[in-house]
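In: Provided below are the primary sequence and the corresponding predicted coordinates.
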Amino acid sequence: RLAFDRAHLWHPFTQMKIHEADPPVPVVGGEGCDLLLANGERVLDGISSWWTCLHGHGHPRLVSALERQAARLDHVMFAGFTHEPALELVARLRPKLPANLTRAFFSDDGSTAVEVALKMAFQAQLQRGQRGRDRFGALRGGYHGDTLGAVGVGELENFMTGLFRPLLLACERLEVPEDPRREIQPDLTGWPERLASARQEVRAFFAAHGDRLAAFIAEPLIQCAGGMRMWPPELLQELRAQCDGHGVYLILDEVATGFGRTGTFLASEQAGVAPDLLCLSKGLTGGTLPLSLTWATEEIYGHFWGEPASGRAFLHGHSYTGNATACAVACASLALFDEEPVLARAAALHEAMQAAFTDLSAHPAVRQARVLGTIGACRLVDPTTGEAHASDDRFGWHLHRRALDHGLLVRPIGDCLYLLPPLSTPPARIRDAAETLLDLL
Ligand code: PMP
């Protein structure tokens, strides 16, 4: 079977020399926070299978919701039709979100949720007469997906931002500092001054570009694929104020941070900031099926009405938009938030993560250990020099392989090692994971 895989399948992120000797690992099952490998081994899913899995694999409530809905109505096109799972999902989710977000638009994954938000923002600006707003603002070094629009507002070279530059949206970048208060051993010398000057830079950015921007997009509090960079909530508040002051829509991409990952249901709650457009995916179905939502304000929705000939409608919608089975699973996942202490478990996981990264931070190969909610991260350095490894990716990849042999799935991003396990992971498993990593570093 592996020979067949090698001959015919095209996996993401694998056409690289360092992966040459590594065939993909066959997985035959998922059970709670573990993946079951074909060779009989059990592996802790330390990164929630690309940050999707919330309640553990194969949660019986999600599985039975999937089976029941697929048997009743698997799917129906969403233009001109509606169904109970979509209505229930939106009704369940809305009270958990900022009150200004009243309109829910379905799509398929994180990238398309971002794509929808970018298009809505641009078109809404046009339809309110703002014709010169032909670009976006975004944080430096971000990632918002790999469709062309999303790549355009991202800035990760390994997602080919450079290669595709001629095809991408115009985007102005703003750099924000990491927040030392998240670190296990913070050095806060000069921090109030650094924060004040970062705030000033946000203002200067909007003074320079504010009247050309349709929207500013950011992941709140943490740039995940950007290397788990945790940034200050005060700057998100400043972004909100500047967007308001300059007529720019604020898009928050909570594709990775939503659904309790950072300790609160949304990360942006911690800054008390409500966006104009909100992107949700990954944890939306608890990690079982692909689905995403872009939430918009009534103000934005209001710009899309008109006579058919006016061309004011939002002409966007995919074949699987609002898939009934995925919506039913998402309802079951959200019901768990209401019926089980999911956020209390996330708080316990946060404590476990603090302890694990405190232990890791004592290792000479570890720098800048930090935690936000259930996400723990650190930099890996060469212990003899204290500097980055000569080849970060290679070091991270070797660590990934060795950890897998020891029953732990981690997948560093460059020199950033992180854990982002299902919210249902027992704290003792995080202790074990830290011990495994300490042995391997
Ligand atoms: N936005 C963020 C913040 C993400 O982390 C990701 C995926 N890592 C995406 C968008 C894209 O989501 P998807 O891979 O589901 O298209």
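Out: Noted; the coordinates are in hand.
In: could you check how far whatever residue of the chain ends up closest to the ligand is from residue 132?
Out: Residue of the chain nearest the ligand, by Cβ to the nearest ligand atom: residue 110 (2.1 Å). C-beta: built from backbone N, CA, C; applies to glycine. Counting by Cβ to Cβ, to the nearest Å, the gap from residue 110 to residue 132 is 29 Å.
In: residue 207 now?
Out: Counting by Cβ to Cβ - residue 207 and residue 132 are separated by 16 Å.
In: now swap in residue 114 and tell me
Out: In terms of Cβ to Cβ, residue 114 sits 23 Å off from residue 132.
In: also residue 313?
Out: For residue 313 relative to residue 132 (Cβ to Cβ), the value is 23 Å.
In: enumerate the residues of this protein near the ligand.
Out: 109-111, 114, 143-145, 219, 224-225, 253, 255-256, 281 (Cβ under 6 Å from any ligand atom).
In: in TSV: the residues you listed, plus neighbour count, pLDDT and distance to residue 8.
Out: Listed next are the residues of the chain next to the ligand as TSV, based on neighbours: other Cβ atoms under 10 Å; pLDDT from 0 to 100; distance: Cβ to Cβ, whole Å:
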residue	neighbour count	pLDDT	distance to residue 8
109	21	98	23
110	28	98	27
111	22	98	25
114	29	98	31
143	27	96	29
144	34	97	31
145	24	96	26
219	26	98	35
224	25	98	31
225	22	96	28
253	32	99	34
255	28	98	30
256	28	98	31
281	28	98	28
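In: what about those, which are in strands?
Out: Within these, residues falling in strands by DSSP state E are residue 253.
In: from the residues of the chain next to the ligand, which ones fall inside helices?
Out: Members of the residues of the chain next to the ligand lying in helices (criterion: DSSP state H): 110, 111, 114.
In: skip the chain neighbours and tell me the closest residue to the residue positioned nearest the centre of the chain.
Out: Taking Cα atoms, centre = their mean as the criterion, residue 256 is the residue nearest the geometric centre of the chain, at 1.7 Å. Residue nearest to residue 256 in three dimensions, not counting chain neighbours: residue 224, with 4.2 Å by Cβ to Cβ, 6 or more residues apart in numbering.
In: alpha carbons of the helix or strand bottoming out on mean pLDDT in the chain, as CSV, please.
Out: Lowest mean confidence among the helices and strands of the chain (mean pLDDT, DSSP states H and E): helix 392-405, at a mean of 86. Extracted in CSV, the C-alpha atoms of helix 392-405 (Å, rounded to 0.1, in the frame of the first residue of the first chain):
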residue,chain,number,x,y,z
ASP,A,392,15.7,24.7,11.7
ASP,A,393,13.4,22.6,9.6
ARG,A,394,15.7,19.6,9.5
PHE,A,395,16.0,19.7,13.3
GLY,A,396,12.3,20.1,13.8
TRP,A,397,11.6,17.3,11.4
HIS,A,398,14.0,14.9,13.1
LEU,A,399,12.4,15.7,16.4
HIS,A,400,9.0,15.0,14.8
ARG,A,401,10.1,11.6,13.7
ARG,A,402,11.8,10.6,17.0
ALA,A,403,8.8,11.8,19.0
LEU,A,404,6.5,9.7,16.8
ASP,A,405,8.6,6.7,17.7
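In: now find how far off-centre it is within its chain.
Out: Between the centre of helix 392-405 and the centre of its chain there are 22 Å (Cα atoms, centre = their mean, to the nearest Å).
In: before we move on, what about stretch 255-262?
Out: Distance, centroid of stretch 255-262 to centroid of chain: 7 Å (Cα atoms, centre = their mean).
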